[in-house]
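S.K.: this one's structure only:
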DNA sequence: ATAATATGTTTGTGTATAGAACAATTCATT
DNA sequence: AATGAATTGTTCTATACACAAACATATTAT
């Protein structure tokens, strides 16, 4: 068997990615999207079906003239594992092609897990799922979403301040512990990617994703449909945008960072809450008539606005997606940020920006991390090098 | 003639781009760079030669074992026109494949040119060159570098504050006046591209270019080898990064912009100069022992540092290229910016950044603008739809 | 002078895509 | 209910393209 042409690999990749992103597409739609000949699409889909990457179902009569086109679905048996260590838990997920979270296990920890502990927890949970995985899934790998600076090339966590990790080669550790290929990246970057593909930013080519959590503000930037990686994959740290002269010193060493001026803990405190549930916080803040609370909300929106106008001037995005308590802040006063952008950002870019609240909720990190492990697979669904066992098409066969 | 395969177009594009960027490459080098078979490269180069895109010369005996490989050069007869309107002049250039500026005509204006005037000047100069162009060149089109917000999709200048232009469809105007297809973009973005391909940032995939001129600070960002465009091509406005709480109001509507805190005019004033020659300014500043001058230089470097640390955190670039008086500032105290970045930017990204001074000088805008017009050509050097149908056939045949 | 090395050149082969002809399936019309 | 129009799947064929192998050529090393 000689090596297939690159064009075949390209086209298989294109089709697989389309099905993965859109969920379901008819063969006719795929023909139009790709611009390929319908006979070619037929051949390619045939190959993907025999590879177990997609499966076809009888066409759903849509009331269209002409012969109905069969629907092409991503095979749920192709899946990736996702791991997300946080300060109080390690979450492990199983995500199938098409972005469906099949399984999510949150393992709560007594204290902040070390890198070794996080890897041990993840590999233990995966070991437990192993027989099921081997029987019913084709696992493309493990993706890890880490709250910190992660070198995407080698999977080393350079610095995760809130976890207290420094120079931890987590990807290699987890790969050695499980036998699966493993990749790691910044959590917010992966969140951006997930929201781009499956969430609030679906269909946009340029978006800024900002997530506010207990441990700070993370960001991810999509430009021209591509996640901004930078030289080593560190790009996207919008939480450390300068927003105030004379601000407090941030743990990053600088002063006046967005992350130090806009923080969830101050809001929780004022709202009289101790735990960081976003819904509770939003309730408490919305029902509060305290001037102190309102002032703080306004103050934080002001600084968030400065960071966003910077970002808008620099990136000219179509959309800004706010997650976590940043979504809460925006929901409390939806006109504030829009107003800041219109008055302070430059004419051209400001006019087009839409601000959304994140759509994917708690599945976000799983989907984003899995995307990391899907990437190689999507680039070469036929698996030139890896002759992995081919699984039969799933049983959901319609007559 | 049936339509060639996309793979052929791809490979021709790849080879042409390599030759364009590197200037001269032997066929053997092209074989290695592309990974194609040497027989394939032979065929492709043959086609490009017969198309007049490249030409070959006898190998220069390099002292290597083996049969010498002929050198492949970009044909100087393939060229693009470049136009750069400024507040005191309109510059028109002729740039050939390989980035060589064949001709540069600076047309000084009594006052700031309107869009119509700039177009008239450019088309008059081009009309004068017309017979030479028709006789000796194959013109791929016109690229226009405008100091302001330019919508890259339709070539409309949204707002060029220093020229006083608003919503001027310059690309269409110039295209109608000359009959050549025309594209327009922000000048600094094009500068970034030029420096990436031919200048100080050559070979880098992630760089930030910042230019300081009489009319402010412009920026361009290259990420993963690609210029950041944003939704409408407005991306890159680093001159309007927030660097100071309580700063003066910028013409953009916001306060505390980099451009208002760091400006050439203040430096010229302190140095006792009236004209904005970069070399003179550098001389004057370097030889000054006035505390006032030193303080101002330090102050401006401080704010520039804040903007750069933001940019470094967000983009994780390999290099920062400073042009115009920003290059001067950096040259006066080379350790200042590096120090700021090391102490204030985040560990991971900060460690790798190198700060360079721009290399291309006054040819920069010509090369960058021409690149705009080369882009379509490079994507399809064989010219499938030979009539570069960016516009409906212009009917300005009256001549 | 001969060998070794690297590269251009020619020819044949396999792969992948497009296109044409035909079959299948639905909606619209009479 | 029957026929026609529209759309898409299916099969077969032709063609373009890249690669590999064999051979030719030009340079350095011995």
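M.R.: Right, received. Where do you want to start? Because the structure is predicted, anything quoted here is derived from the model rather than measured. Numbers count the residues shown, from 1 in each chain, chains lettered A, B, ... in the order given.

S.K.: and the residue in the stretch 201-350 of chain A positioned nearest to DNA strand C, what is it in contact with?
M.R.: Closest approach between the stretch 201-350 of chain A and DNA strand C, counting by Cβ to the nearest atom of the strand: residue A:225, at 21.7 Å. The way it works is simple: take the backbone N, C-alpha and C, and place the C-beta from them, glycine included. By Cβ atoms under 8 Å, 6 or more residues apart in numbering or on different chains, the contact list for residue A:225 reads A:196, A:205.

S.K.: for residue A:7, see how far away it is.
M.R.: Separation of residue A:225 from residue A:7 (Cβ to Cβ, to the nearest Å): 21 Å.

S.K.: what parts of the stretch 51-200 of chain A come near DNA strand C?
M.R.: Counting by Cβ under 7 Å from any atom of the strand, the stretch 51-200 of chain A comes close to DNA strand C at A:59, A:61, A:63-68.

S.K.: could I get those residues as CSV with pLDDT and distance to chain B?
M.R.: CSV is the format used below for those (pLDDT from 0 to 100; distance: Cβ to the nearest Cβ, whole Å):
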residue, pLDDT, distance to chain B
A:59, 84, 30
A:61, 68, 35
A:63, 76, 35
A:64, 83, 30
A:65, 89, 30
A:66, 88, 27
A:67, 92, 27
A:68, 92, 30
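
S.K.: tell me the confidence at residue A:391?
M.R.: Per-residue pLDDT puts residue A:391 at 33.

S.K.: now swap in residue A:253 and tell me
M.R.: 87.

S.K.: low-confidence ranges in the stretch 251-399 of chain A?
M.R.: Within the stretch 251-399 of chain A, the segments meeting pLDDT under 70 span A:276, A:384-399.

S.K.: that one: helices as residue ranges?
M.R.: Here the stretch 251-399 of chain A has its helices, by DSSP state H, counting those that start in this stretch, at A:258-261, A:264-271, A:278-287, A:291-315, A:325-332, A:334-344, A:347-352, A:364-379.

S.K.: neighbours of residue A:132, how many?
M.R.: 11 (other Cβ atoms under 10 Å in any protein chain shown).

S.K.: no wait, residue A:361
M.R.: 9.

S.K.: do the same with residue A:6
M.R.: Residue A:6: 12 neighbours (other Cβ under 10 Å).

S.K.: I'd say it and residue B:10 touch.
M.R.: No - contact criterion Cβ atoms under 8 Å: residue A:6 and residue B:10 do not qualify, at 9.2 Å.

S.K.: contacts only, for the nearest residue to residue A:254 once chain neighbours are set aside.
M.R.: Residue nearest to residue A:254 in three dimensions, not counting chain neighbours: residue B:344, with 4.0 Å by Cβ to Cβ, 6 or more residues apart in numbering or on different chains. Neighbouring residues of residue B:344 by Cβ under 8 Å, 6+ apart: A:252-255, B:305-306, B:309, B:350.

S.K.: spell out which parts of the stretch 51-200 of chain A neighbour chain B.
M.R.: Neighbours of chain B within the stretch 51-200 of chain A, by Cβ under 8 Å from any Cβ of the partner chain: A:149, A:151, A:158-159.

S.K.: nearest to DNA strand D, of those residues?
M.R.: So of those, ranked by how close each gets to DNA strand D (Cβ to the nearest atom of the strand), first place is residue A:151, at 31.9 Å.

S.K.: show the pLDDT at the residue nearest to that closest one when sequence neighbours are not counted.
M.R.: In space, and not counting its chain neighbours, residue A:151 is closest to residue A:232: 4.9 Å by Cβ to Cβ, 6+ apart. Per-residue confidence at residue A:232 stands at 91 (pLDDT).

S.K.: residues in contact with residue A:232?
M.R.: When the contact criterion is Cβ under 8 Å, 6+ apart, the partners of residue A:232 are A:151-153, B:316, B:348-349, B:352.

S.K.: next one: residue A:148
M.R.: Per Cβ under 8 Å, 6+ apart, neighbours of residue A:148: A:157-163, A:165, A:186.

S.K.: model confidence for it, exactly?
M.R.: 94.

S.K.: separation between it and DNA strand C?
M.R.: 41 Å (Cβ to the nearest atom of the strand, to the nearest Å).

S.K.: for that residue, which non-adjacent residue is closest in space?
M.R.: Distances taken as Cβ to Cβ, 6+ apart place residue A:160 nearest to residue A:148, at 2.7 Å, with adjacent residues excluded.

S.K.: double-check the one you found against residue A:146; I have them as touching.
M.R.: Yes - in this structure, residue A:160 is within contact of residue A:146 by Cβ under 8 Å, at 5.7 Å.

S.K.: just want to know which of these two has more residues nearby.
M.R.: residue A:146 (27 against 22).

S.K.: who does the more buried one form a beta bridge with?
M.R.: residue A:186 (DSSP bridges).

S.K.: spell out which parts of the stretch 1-150 of chain A neighbour DNA strand D.
M.R.: Close to DNA strand D, as judged by Cβ under 7 Å from any atom of the strand, the stretch 1-150 of chain A has residues A:5, A:26-28, A:31, A:38-39, A:41-43, A:64-70.

S.K.: just these: which are in helices?
M.R.: A:27-28, A:31, A:38-39, A:41-43 (DSSP state H).

S.K.: pull the most distant pair out of those.
M.R.: A:28 and A:43 (15.3 Å; Cβ to Cβ).

S.K.: who has more neighbours out of the two?
M.R.: residue A:28 (17 against 14).

S.K.: if I pick the nearest residue to the more buried one once chain neighbours are set aside, what's in contact with it?
M.R.: Nearest residue to residue A:28 in three dimensions, chain neighbours excluded: residue A:69, at 3.8 Å (Cβ to Cβ, 6+ apart). Residues near residue A:69 by Cβ under 8 Å, 6+ apart: A:26-29, A:59.

S.K.: JSON lines for the contacts of residue A:232, including neighbour count and distance to residue B:216?
M.R.: Listed next are the contacts of residue A:232 as JSON lines, based on neighbours: other Cβ atoms under 10 Å in any protein chain shown; distance: Cβ to Cβ, whole Å:
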{"residue": "A:151", "neighbour count": "21", "distance to residue B:216": "36"}
{"residue": "A:152", "neighbour count": "20", "distance to residue B:216": "35"}
{"residue": "A:153", "neighbour count": "12", "distance to residue B:216": "37"}
{"residue": "B:316", "neighbour count": "28", "distance to residue B:216": "26"}
{"residue": "B:348", "neighbour count": "25", "distance to residue B:216": "31"}
{"residue": "B:349", "neighbour count": "29", "distance to residue B:216": "26"}
{"residue": "B:352", "neighbour count": "16", "distance to residue B:216": "29"}
